[in-house]
Structures are given as structure tokens and as C-alpha cells.
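[1] build the 3D model from these lines:
(4 chains)
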Number of protein chains: 2
Amino acid sequence: MTAVAPSTKKAVTLFHALSDETRLALLERLKDGEQCVCELTDAMKAAQSRLSFHLKVLKDAGLVEDRREGRWMYYSLSSQAIEELEDLVDSLKKAAKSAGSARRCC
Amino acid sequence: MTAVAPSTKKAVTLFHALSDETRLALLERLKDGEQCVCELTDAMKAAQSRLSFHLKVLKDAGLVEDRREGRWMYYSLSSQAIEELEDLVDSLKKAAKSAGSARRCC
DNA sequence: ACCTCCTATCAATGAATATTGATCTATAAG
DNA sequence: CTTATAGATCAATATTCATTGATAGGAGGT
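    Down below sits the predicted model:
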């Protein structure tokens, strides 16, 4: 019954940020807690500019936060966007449960 | 502490399917119940081949199911993939809550 | 001031994706 | 059997995204 998702753009951004193997791997690592970029590049054997790019995508989507400490940048999960995600998935789930009533068409 | 998500590929596919405005709009419509392609093309004023393409992406990701009835194809939400989504988001949420413990680095 | 280390950004290339219009298949109706 | 309709698929193009290597900035250390 929902008219048109009010913030479709936001949802697209969120899901897009999650739709990449490298970025999911980053989030997976951040589940263990805050980490600095050097640690991530090291652990993932990835080029620095590559991770920097992906971390920016995650940050722009609101999925991670960054914090500077000296010359290091620390990244960590941000629960904010994750809750929005939860809501999106929830509304889908509810709708999926109330099975589709076949309607005459065309 | 999770090693490496076992089915990262699956997650990427799921999130990618959701990372498009047209596809989110389709899902939004399907929340109201099963609908045939002609109804969707009509309502969304989109080219038929375009929707067919996006519906395929959604179907390949397991987010929708199709059913043929005469010459019409009916699409509906599939709760299967949606539950996988829920799990993915859940594990992120839990990790985000146990705030990141800053660790010495580099 | 200089040099070094950590990270972000930029420019160029290459790879995936989306869009369009045309064609093909299947089902139904006459 | 012919025609019409619903939808999928294909080929070509346009667009968007990721990767790489180079450069630039900012913070410490000497």
C-alpha cells in the first residue's frame, strides 16, 4: 500500500555500497572492532588507493565512521545506516509474508 | 570473529539486485501482491524489455518468483532471499552494537 | 626546514551494467 | 493455419563502476 518509497535514493546508495565483495570484506573485518587503514590494507593485501576508495563509498552510505588519530585513520561500523537497512528489509519481509493474492490482469 | 563470510558471492548478488531504483520500485509494487508484467509496465511507464531485464535480475537473486498463467507471467515476492537478507543485516547490527575497541595499530 | 609515513584524491584505462529497439518463442483466439 | 498478444532474449550503445599508478596533503620525527 506504500505509495512510493520516500527515500529510494538513500536505499539505492545503501544497497550499492553493500554490493561489492571488497566492501563486504571490509565490513566483515570491522566487525572485530575499529581498525586503521594500514591494518586493513595489510590484512587484505589490497592496494591502498583501492581500499581508500571503497571505504569512502561505505562512509558516504553511512555504514562506517572514520576518526583521525595522529597520522592514522580509524574506521568502524556505524549503527545508524544499519538500522535503516533493517527497516527496509523488515518492510519487505512483512509484505512477502502476506502472500500475493492473484489478481485478474490486463 | 567471523572468518570470512562463506557466501559473500550470494550477498553481493542480493545487494546488487537491490541497488537499483527501478528494481526497488518493482519490489515496492509487488508488496501489494502478485502482479503480471503487463500491469507493471503499465504502472511504471517503462519499456517492456527493460522491466523484463530487471525482473530477471531480481529473480536470479531469489527475491521474486514467477509463475506462468496462459500468456501472462505473474511475479511475486519470495520470502526466501529476504530471510537471508535479514540474517546478513542482523549480523552487521550485532557487530555494530559492540562498539569498536580502539586497538594499537601499525 | 626536511624527510618519512599514512592516507586521500585524481586521471586514465578497463570491466560491468543499463537502455533501446528488434527479433524470437509461446499461448491463445479466430 | 493465420494472426495477435505477452514476454523473453539479443545486439548495439551509453553509462557507470572499479582498478591502477601517480600525485598531493597532513602529521610526526630529526
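
[2] quick check: phi and psi at A:Arg68.
    Dihedral pair for A:Arg68: phi -90, psi 140, per degrees, to the nearest 10.

[3] contact residues of chain A facing DNA strand D?
    Residues of chain A lying near DNA strand D by C-beta under 7 Å from any atom of the strand: A:16, A:20, A:22, A:46-47, A:49-50, A:53-54, A:57, A:68, A:70-71, A:105-106. Placement of C-beta: from N, CA and C, glycine included.

[4] of the residues you listed - the most surrounded one?
    A:His54 (22 neighbours; other C-beta atoms under 10 Å in any protein chain shown).

[5] just the element for that residue, please.
    A:His54 is part of helix A:48-60 when elements are defined by DSSP states H and E.

[6] what helices or strands is that helix leaning on?
    helix A:8-18, helix A:21-30, helix A:37-44, strand A:64-69, strand A:72-77 (3 or more C-beta pairs under 8 Å, 6 or more residues apart in numbering or on different chains; DSSP states H and E).

[7] columns mean pLDDT and distance to chain B on top of those, output as TSV?
    Formatted as TSV, those follow (pLDDT from 0 to 100; distance: least, C-beta to the nearest C-beta, whole Å):
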stretch	mean pLDDT	distance to chain B
helix A:8-18	96	4
helix A:21-30	97	5
helix A:37-44	96	5
strand A:64-69	97	8
strand A:72-77	98	4
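
[8] can you give me the mean pLDDT across the helix holding A:His54?
    Averaged over helix A:48-60, pLDDT sits at 98.

[9] can that helix be said to contact DNA strand C?
    Yes. With C-beta under 7 Å from any atom of the strand as the criterion, DNA strand C is reached by helix A:48-60 at A:48-49, A:51-53, A:55-56.

[10] which among the residues you listed count as buried?
    For these, a neighbour count by 16 or more other C-beta atoms under 10 Å in any protein chain shown gives the buried set as A:51, A:55.

[11] greatest separation within the residues of helix A:48-60 next to DNA strand C: which pair is it?
    For these, the farthest-apart pair by C-beta to C-beta is A:Gln48 and A:Lys56; their separation is 12.6 Å.

[12] DNA strand C is nearest to which of the helices and strands packed on helix A:48-60?
    helix A:37-44 (2.9 Å; C-beta to the nearest atom of the strand).

[13] centre of the chain versus the closest one, how much separation?
    19 Å (C-alpha atoms, centre = their mean, to the nearest Å).

[14] would you tell me which helix is longest in chain A?
    When chain A is scanned for its longest helix (criterion: DSSP state H), the result is helix A:79-97.

[15] tell me which residues are up against that helix.
    With contact meaning C-beta atoms under 8 Å, 6 or more residues apart in numbering or on different chains, helix A:79-97 is reached by A:2, A:10-11, A:14, A:61-63, B:27, B:30-32, B:77-79, B:82-83, B:85-86, B:89-90, B:92-93, B:96-97.
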